[in-house]
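**Q** Build me a model from this:
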Amino acid sequence: MRIFIEISGIIVIPTKIIHNSAHNKKLPDRDDLRFLLVQIAGIGDLVLATPAIDALYEKYPTARIDLLTSPAATTILKHHPALHSIYGFNIQEFKHPKNLKSGKIRCELKTIIKELRKNHYDAVLSLNNVSSVRGGVTLGFLLKSLEIPIWAGRNTDGRASYFDYEVEDFLLSNRHEVMTKLAVAAQFELKPAIRPLNLPVPEELKHKTAEYLPPSEKWIVIHAGSNRAARCLPLVKFIQVAAELSAQGYAIATVGGPDEIDANQKILDACPGNSVNLAGKLNLLETAAAFSHATLAICNNSGPMHIAAA
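**A** Below you'll find the model as predicted:
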C-alpha cells in the first residue's frame with residue numbers, strides 16, 4: 001500500500017500517519033495543566049496572538065503556559081505575565097530535509113525537542129496559519145516530535161487535518177487574525193471574546209527610551225521599513241508626510257534596524273523641527289517603549305506596526 005502522495009513534486013504524508021486525531025480527548029482534571037503555544041512566524045503575528053494568550057491565562061490561571069516562537073521574537077513577550085518559558089525554534093531549518101544532513105542543525109533540533117519533551121505538556125495550541133502543503137507537513141512532524149497528547153490548531157484550506165480540536169481556516173478570509181487565534185484558544189472551554197492586544201513594557205524601559213527623545217509633547221514615530229518590498233509605501237511619501245508634520249510642530253523619531261539608518265535619515269533631512277534617527281539603536285522592547293511616547297505612529301505593514309498598535 002502506498003502511504004506517500006506526491007503533489008507538485010512535494011512528498012505529502014497522509015495526516016493520520018502524523019497524528020491519529022480524536023475529537024473526544026479531554027484535558028486532565030487538575031490545576032497544574034501544561035500548555036505549549038506554537039506561533040512560529042513574524043513578530044507581528046506573535047503580537048496578534050496576545051489576546052489568545054490572555055484568554056487562555058484567564059481561563060487557566062494556575063496552568064503553565066509556554067511559548068514556541070521564532071528566534072527573533074523570543075524577547076518581545078518576555079514580560080508577559082501569562083508565559084512561564086519562551087523557546088526559540090528556527091523552523092526554516094526544519095523545513096528542508098537536506099538541512100538535516102548538517103550535524104550542527106540536527107544537534108540543535110534534538111536539543112530543543114528534548115527540552116520541550118521534558119515539560120510533559122497536556123496540550124499544544126498551534127496559532128500559525130498553514131500557508132502551504134509543505135508547511136502543513138513540517139508543522140505536523142514538529143508537533144509529532146514533541147509527544148504532546150492533545151493538539152488544537154488551524155486547518156488552513158485543508159492542509160492540516162491532523163488536529164484533535166480543529167479551527168476551520170482560510171487564507172482568503174474576512175475574519176481578523178486575532179479572532180482566528182482566539183478561536184484556537186476557545187477550543188479549551190473559554191469564550192473567544194474580543195480583547196485588546198497586550199504587549200507589556202516595563203516603566204523603567206519607557207523612561208530609558210524617553211532619554212533618546214528631545215523634549216516635546218507631540219511625538220510622531222515613523223517606521224518606513226518592512227521585510228517585504230510589496231508592503232512598503234515609497235520612501236518619498238514618508239518624506240513628504242514627515243516634512244508636513246514637522247512643519248506643524250511635531251517632533252519626528254524614526255525607528256528600524258541598522259539597514260534602515262540611511263533611509264530614515266533621508267526622511268529626517270526634510271524635517272525642519274526636532275527629529276532623531278533611532279534606527280539600529282533600539283531592540284524590540286525599546287522600540288515598543290518608543291511607540292508608547294508617540295501621539296501618532298506611521299508604519300508600513302510590518303512587525304513594528306503591530307507593536308505600535310499593542
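**Q** Going by C-alpha atoms from here, please, whenever you check contacts or count neighbours.
**A** Fine.
**Q** where along the stretch 1-150 of the chain do the strands fall?
**A** 5-7, 10-12, 34-39, 64-69, 85-88, 123-126, 150-156 (DSSP state E, counting those that start in this stretch).
**Q** which sections of the stretch 1-150 of the chain are below the confidence cut-off?
**A** Low-confidence regions of the stretch 1-150 of the chain, defined here as pLDDT under 70, cover residues 1-17, 94-101.
**Q** Run through the helices of it in chain order.
**A** For the stretch 1-150 of the chain, the helices defined by DSSP state H, counting those that start in this stretch cover 15-18, 43-48, 50-59, 91-95, 103-117, 133-145.
**Q** One more: the stretch 151-300 of the chain?
**A** Across the stretch 151-300 of the chain, reading from the start of the chain, the helices by DSSP H, counting those that start in this stretch fall at 177-185, 203-210, 235-247, 261-269, 284-292.
**Q** now the longest one, how far from the chain's geometric center?
**A** What separates the centre of helix 235-247 from the centre of its chain is 30 Å, taken as Cα atoms, centre = their mean, to the nearest Å.
**Q** now the second one
**A** The chain centre lies 24 Å from the centre of helix 203-210; the measure is Cα atoms, centre = their mean.
**Q** Give me the buried stretch members for it, please.
**A** Of the residues in helix 203-210, those buried under the neighbour-count criterion (16 or more other Cα atoms under 10 Å) are Lys206, Thr209, Ala210.
**Q** so for it, what's the average pLDDT?
**A** The average pLDDT within helix 203-210 is 93.
**Q** Could you save the helices of the stretch 1-150 of the chain as TSV and add columns showing distance to Gly256 and mean neighbour count?
**A** Listed next are those as TSV, based on distance: least, Cα to Cα, whole Å; neighbours: other Cα atoms under 10 Å:
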stretch	distance to Gly256	mean neighbour count
helix 15-18	40	16
helix 43-48	13	23
helix 50-59	22	21
helix 91-95	24	16
helix 103-117	30	14
helix 133-145	29	19
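**Q** Val124: which of those is closest?
**A** Comparing these against Val124 with Cα to Cα, the closest turns out to be helix 133-145 (8.0 Å).
**Q** that older thread, same list (the buried residues of helix 203-210) but as CSV, adding distance to Ile43.
**A** Supplementary listing: the buried residues of helix 203-210 in CSV, determined by distance: Cα to Cα, whole Å:
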residue, distance to Ile43
Lys206, 20
Thr209, 20
Ala210, 23
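**Q** Just give me the closest of those to Ala242.
**A** Compare each of those with Ala242 using Cα to Cα and the shortest gap goes to Ala210, at 20.2 Å.
**Q** Identify the residues contacting the closest one.
**A** Residues in contact with Ala210 (Cα atoms under 8 Å, 6 or more residues apart in numbering) are Ala290, His293.
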